[in-house]
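> what's the 3D shape of this:
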Amino acid sequence: MPIINRIAEFHDDMKEWRQHLHANPELGYDLPQTAAFVIERLREFGVDEIHDGIAQTGIVAIINGQGDGPTIGLRADMDALPITEIPDRPYKSRNQGVMHACGHDGHTAMLLGAARYLAETRNFSGRVALIFQPAEEGGAGGDAMCKEGIMERFDIAQVYGIHNFPGMPEGLLGTRPGPLLAAADEFQIDITGRGGHAAMPHTTVDPVMIAVQIAQTLQTIVSRNIDPIEPAVLSITRIEAGTSHNIIPGTAFMQGTVRTVRKETQADIVARMESIVTAIAQSMGGEATLNYHYGYPATVNHPDETEFALEVARQVAGDALVTGEVPPTMGAEDFAYMLERRPGAYLCLGTGEGAGLHHPEFDFNDEVSPIGASFFVKLVETAQPPR
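Now for the predicted structure:
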């Protein structure tokens, strides 16, 4: 079955919703206008329940189907990014320094489109829980909503989400079983030496040289301590020290990120980092401390639910525009927290050529909205047919 005709009929409405959200972006958990807009639409559609204020501005809306059955969760993220939009569009961001540069405006519009159709037809059993989430961009809003008990409170049995992907063919639906996106961690290394005159380095303990040695040695972890076929990234992205050309500073610090898909690999990297940082600093007469922050876990699709989602995708897009072999990437996504608590799958929806995610020229491709909305609907109707 291709795109649902009724959803195609309100394609223009989805475009209008998306462009309104694009023009009025908000950050993190502070989404009062965005949440109010979503709630207003849901009330217009006649959903059965609206629960707001979850994780500050998150929303769960319930649509009841025909007869008893389980609850399936569908998720969209709503927050924008602290980026200044470049192109002058009719719906350009009105909030300076804030823009929807990751397509969350499109994700929200697609889920609203699915909500409208599901509330009209109710051609399913059980319930649908529509999850509109704040703070995906670094705030772990998905984790916060789960910690507030949405899976238990609404008895969600399985959960699904979609992310748009520029550069993938327009309309392509794809995913893979197992790890799709990486865990994203951050670290800072604080180095203490002994400052002094740059002309008399023998009287100092130079933290700059300690930083250089640590940086070089950390780069051997992935290349020499991790299995070459195991995905892993360790990037040092910031080194700061000193104030002048003729002063050896007393301190320095470094920051960076670690990306992994397996917890065992993550643990091995952290252990090696701790050993290297401490040993090198001590061997050079200084001290160094590793402050490691565990971020989003890996986004790991459940095999059975992934195969089911791909079967549904083929009904919507056709075999030629569906793939179950999307290469895993080292980006991260806090839908991972939901998949840790319930079985489900996360899919990519190709949007064709255009600026990449988190780019100041990015814009969501409204032409794919009916595909995403139709996928959500067919997922529900196929998983939970009316009894």
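
> outside of whichever helix or strand Glu44 is part of, which residues touch it?
According to DSSP states H and E, Glu44 maps onto helix 32-45. Applying Cβ atoms under 8 Å, 6 or more residues apart in numbering, the contact partners of helix 32-45 are 17, 20-21, 24-26, 50, 52, 57-59, 61, 78-79, 108, 112, 115-116, 119-120, 130, 132, 134. C-beta coordinates here come from the backbone N, C-alpha and C atoms, glycine included.

> Direction included, what does the very next helix or strand once past that helix pair up with?
Note on helix 32-45: by DSSP H and E, the next helix or strand toward the C-terminus is strand 49-54. Strand 49-54 has the following strand partners under DSSP bridges: strand 58-64 (antiparallel).

> Buried only: go through the contacts of helix 32-45 for me.
17, 21, 24-26, 52, 57-59, 61, 78-79, 108, 112, 115-116, 119, 130, 132, 134 (16 or more other Cβ atoms under 10 Å).

> SS state for the closest residue in space to Phe165 that isn't next to it in sequence?
Distances taken as Cβ to Cβ, 6 or more residues apart in numbering put Cys348 closest to Phe165, at 4.5 Å, once the chain neighbours are dropped. Of the three states, Cys348 takes strand according to DSSP: H, G, I helix; E, B strand; the rest coil.

> Could you count how many residues lie near Cys348?
When neighbours are counted by other Cβ atoms under 10 Å, Cys348 registers 20.

> which helix in this protein runs the most residues?
helix 263-283 (DSSP state H).

> Keeping just the C-alphas, turn that one into PDB.
The C-alpha trace of helix 263-283 is given here as PDB (Å, rounded to 0.1, in the frame of the first residue of the first chain):
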ATOM      1  CA  LYS A 263      29.300  -1.100  26.500                       C
ATOM      2  CA  GLU A 264      32.400  -3.400  26.700                       C
ATOM      3  CA  THR A 265      34.300  -1.200  24.300                       C
ATOM      4  CA  GLN A 266      33.200   1.900  26.200                       C
ATOM      5  CA  ALA A 267      34.500   0.400  29.400                       C
ATOM      6  CA  ASP A 268      37.900  -0.600  27.800                       C
ATOM      7  CA  ILE A 269      38.400   2.900  26.500                       C
ATOM      8  CA  VAL A 270      37.600   4.600  29.800                       C
ATOM      9  CA  ALA A 271      40.000   2.200  31.700                       C
ATOM     10  CA  ARG A 272      42.800   2.900  29.200                       C
ATOM     11  CA  MET A 273      42.200   6.700  29.300                       C
ATOM     12  CA  GLU A 274      42.400   6.700  33.100                       C
ATOM     13  CA  SER A 275      45.700   4.800  33.100                       C
ATOM     14  CA  ILE A 276      47.300   6.900  30.400                       C
ATOM     15  CA  VAL A 277      46.300  10.300  31.800                       C
ATOM     16  CA  THR A 278      47.500   9.500  35.300                       C
ATOM     17  CA  ALA A 279      50.800   7.700  34.300                       C
ATOM     18  CA  ILE A 280      52.000  10.300  31.700                       C
ATOM     19  CA  ALA A 281      51.300  13.300  34.000                       C
ATOM     20  CA  GLN A 282      53.100  11.600  36.900                       C
ATOM     21  CA  SER A 283      56.100  10.500  34.700                       C
END
